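Participant: Model the following, please.
(2 chains)
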Amino acid sequence: MSGFDLSAILGNPEYADMLLHGIEMTFIIYAGSWLLAMMLALLLLGLRLSPFRLGDPLVAAYVSYHRNVPTLVQLMLWYFGIFTLMPSGIGNWLASHNAESIFAVIGLGLCQAAYFSEDLRSGVRSVADGQMQAARALGHGYVSAMRFVIMPQGVRNALPPLINHSVSLFKNSSLAVVIGASELTHAVKEIENLSFRTFEIYLIGTVLYLFFSLVIMSIGAYLSMRADPARSARA
Amino acid sequence: MIQDMIAIVRDYWLLLLVGQYPNGPLGGLANTLILSALSITLAFPASILFAMARLSKSRLMRWPVTALVYFTRGVPLLMLILWSYFLVPLLTGADVPSFVTMLTTLVVYQSAFLSEVVRAGIVALGPGQMDAARALGHGYMGAMRYIILPQALYNMIPSILSTFVSTIKDTTLGYVINVPDLTFAASQVNNQLLTQPFQVFLILAIVYFIICWTLTYFANRLERRITRRRAGLLKVPTASPVTPSKIVSEQL
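Facilitator: Predicted coordinates:
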């Protein structure tokens, strides 16, 4: 193999297309699973805070399962296991609609929801009790007090861990390659097989992941700076 | 379905436990645990050095380690595994077993993560401990060795246990480079059976859950205990207080 040559990959339209498609799929999987996780996390939080007595242990069990089983195993269980148990109508539809990516979104989203809901819970718990009492005294009902007084403060408290977990969700999206989704890691491995330029393509893949992770981290840092009233008052 | 699962466990428990061990390399759950334990044992001393380097006043010490930590935090573990898979044989010039490749990756990855934990532990002690130790005549290294690290590491025991749990979970990624661990054994079982993938992978999930949940449970209990002890709420067995009368009686 001749020396180090990035243009052998970036200059080749076929490889560049594969890379772009990989980035696109990575972001589709990331965005899909992030949204699924956040919606589910809010639902889990609501269930946990609700007066429904079984809510708390149910959510605790959900969180415990997703935190103590490796994400890869969860993805395998979804794709190799649950997929095969589905009625053939749904199974066929999924198979013709990029089932790998759909199950990656489901698996990663359900798993990440556990982390997000714990982040939100500890954020909400760190809002002082007096806030709820004060909001109720001002005439807010429970839901409205949650909506306007408790949740804005709770989410703000929860921002740092939420950002960390958003970055790790982005990195975990690379696990989708194991169930065959054609995302960035998949593209990197494919190009490596075709071009034999191992060093160059791994370097490109790594730099891309690092770059997007840093972008997500800095968006998060910007948001938490904006959300912190003390810090924006000081600035 | 539960009967299917019991039958799978009954037929394949040995493969899941030790892989093809007497007739082949060690694998299965045993290998998963050995890999996790080895990597955390090796990562631990490295993480202390990294943490001290990041807290050092010298830029030459601080910057490379900071770069390493940001790098490992920003790149998926899977990508690092692929790097090692390609680089380790190139650097050593030998055919390296996938177990060693995986071990190398995990040590680098976990020592970067653990170093942040150690650093937080040291910073949480407050500067007074270091000042006091220096005032007593300890040099920097002496103060670290006898005053700072023992306290910081004690406070960190629960975090180390949680890192161990995440290492166990991370070992599953060895699957992509065919490390013969528990996940690998389960997929072998799945390939032999072909008809019951859900049952096989559910067993796999349950086994991981039991191990990780138990460790997490102990980590949480230990954390509460240590917090209470630090707050002075827990009675610690100490030497009986020396009373003046005792000193007098000993002098006589």
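
Participant: burial of residue 38, as a residue count?
Facilitator: Let's take chain A. The number of residues packed around residue A:38, counting by other CB atoms under 10 Å in any protein chain shown, is 18. Every C-beta, even on glycine, is put in place using the N, C-alpha and C of the backbone.

Participant: Not quite, go with chain B.
Facilitator: 15.

Participant: Report the secondary structure element holding the closest residue to it other than its chain neighbours.
Facilitator: Spatial nearest neighbour of residue B:38, excluding adjacent residues (CB to CB, 6 or more residues apart in numbering or on different chains): residue B:103 at 6.0 Å. Here residue B:103, judged by DSSP states H and E, is contained in helix B:98-125.

Participant: name the helices or strands packed onto that helix?
Facilitator: For helix B:98-125, the elements it packs on are helix B:28-55, helix B:59-74, helix B:77-92, helix B:149-170, judged by 3 or more CB pairs under 8 Å, 6 or more residues apart in numbering or on different chains; DSSP states H and E.

Participant: hang on, the earlier thing: counting neighbours, what do you get for the residue nearest to residue B:38?
Facilitator: Residues within reach of residue B:103, counting by other CB under 10 Å, total 23.

Participant: I'd like to know how far residue A:102 sits from residue A:172.
Facilitator: 16 Å (CB to CB, to the nearest Å).

Participant: And these two? Which one has more around it.
Facilitator: residue A:172 (24 against 18).

Participant: list the contacts for that one?
Facilitator: Residues in contact with residue A:172, defined by CB atoms under 8 Å, 6 or more residues apart in numbering or on different chains, are A:71, A:108, A:111, A:112, B:76.

Participant: Inside strands: which ones of those residues?
Facilitator: Among those, no member falls in strands (DSSP state E).

Participant: Take those residues and lay them out in CSV including pLDDT and neighbour count.
Facilitator: Converted to CSV, the contacts of residue A:172 look like this (pLDDT from 0 to 100; neighbours: other CB atoms under 10 Å in any protein chain shown):
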residue, pLDDT, neighbour count
A:71, 96, 21
A:108, 97, 27
A:111, 96, 23
A:112, 96, 24
B:76, 95, 24
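
Participant: which one of the residues you listed is nearest residue B:31?
Facilitator: When the contacts of residue A:172 are ranked by distance to residue B:31 (CB to CB), residue A:71 comes first, at 19.8 Å.

Participant: got a list of what the closest one touches?
Facilitator: By CB under 8 Å, 6+ apart, the contact list for residue A:71 reads A:107, A:108, A:111, A:172, A:175, B:169.

Participant: what does residue A:134 give?
Facilitator: Each residue near residue A:134 by CB under 8 Å, 6+ apart is listed here: residue A:149.

Participant: buried ones in the helix or strand that contains it?
Facilitator: Assigned by DSSP H and E, residue A:134 belongs to helix A:129-137. Neighbour-count burial for helix A:129-137, counted by 16 or more other CB atoms under 10 Å in any protein chain shown, picks out A:132, A:135.

Participant: next one: stretch B:169-176
Facilitator: B:169, B:170, B:171, B:172, B:173, B:174, B:175, B:176.

Participant: Could you do stretch B:151-166 as well?
Facilitator: B:152, B:155, B:156, B:158, B:159, B:160, B:161, B:162, B:163, B:164, B:165, B:166.

Participant: Tell me the one among those residues nearest to chain A.
Facilitator: residue B:165 (7.4 Å; CB to the nearest CB).

Participant: OK, contacts around the residue nearest to residue B:38?
Facilitator: B:35, B:38, B:39, B:42.

Participant: Please, where are all the helices along chain A?
Facilitator: Ranges of helices within chain A are A:7-10, A:13-49, A:55-68, A:71-76, A:83-85, A:88-96, A:99-125, A:129-137, A:142-145, A:151-172, A:184-195, A:198-227, A:229-234, based on DSSP state H.

Participant: quick one: the third one to chain centroid distance?
Facilitator: In terms of CA atoms, centre = their mean, to the nearest Å, the gap separating the centre of helix A:55-68 from the centre of its chain is 18 Å.

Participant: Name the residues that touch it?
Facilitator: By CB under 8 Å, 6+ apart, the surrounding residues in contact with helix A:55-68 are A:44, A:47-48, A:74, A:110-111, A:113-115, A:117-118, B:165, B:208-209, B:212-213, B:216.

Participant: Could you rerun that using 10 Å?
Facilitator: Residues external to helix A:55-68 that are found in contact with it (CB atoms under 10 Å, 6 or more residues apart in numbering or on different chains): A:40-41, A:43-50, A:52, A:74, A:107, A:110-115, A:117-118, A:121, B:165-166, B:168-169, B:205-206, B:208-217.

Participant: and the angle for it with helix A:99-125?
Facilitator: Helix A:55-68 and helix A:99-125 are oriented at 130 degrees to each other (axes from the mean of the first three to the mean of the last three CA atoms, to 10 degrees).

Participant: Any regions of chain B where pLDDT drops low?
Facilitator: For chain B, the stretches flagged by pLDDT under 70 are B:233-252.

Participant: Where is the longest helix in it?
Facilitator: helix B:197-230.

Participant: Pull out the buried residues from that helix.
Facilitator: Within helix B:197-230, the residues that count as buried by 16+ other CB under 10 Å are B:197-205, B:207-209, B:211-213, B:215-216, B:219, B:223, B:226.

Participant: so which of the helices of chain A is the most packed in?
Facilitator: Looking across the helices of chain A with neighbours counted as mean count of other CB atoms under 10 Å in any protein chain shown, the highest average goes to helix A:71-76: a mean of 24.

Participant: For the residue nearest to residue B:181 when sequence neighbours are not counted, grab the count of nearby residues.
Facilitator: Leaving aside its sequence neighbours, residue B:181 sits nearest to residue B:32 (CB to CB, 6+ apart; 4.3 Å). Residue B:32 has 27 neighbouring residues, counting by other CB under 10 Å.

Participant: so what's residue B:32 up against?
Facilitator: B:19, B:167-169, B:171-172, B:174, B:179-185, B:207-208, B:211.

Participant: try 8 Å
Facilitator: Residue B:32 touches B:168, B:171, B:181, B:182, B:183, counting by CB under 8 Å, 6+ apart.

Participant: Done for today, thanks.
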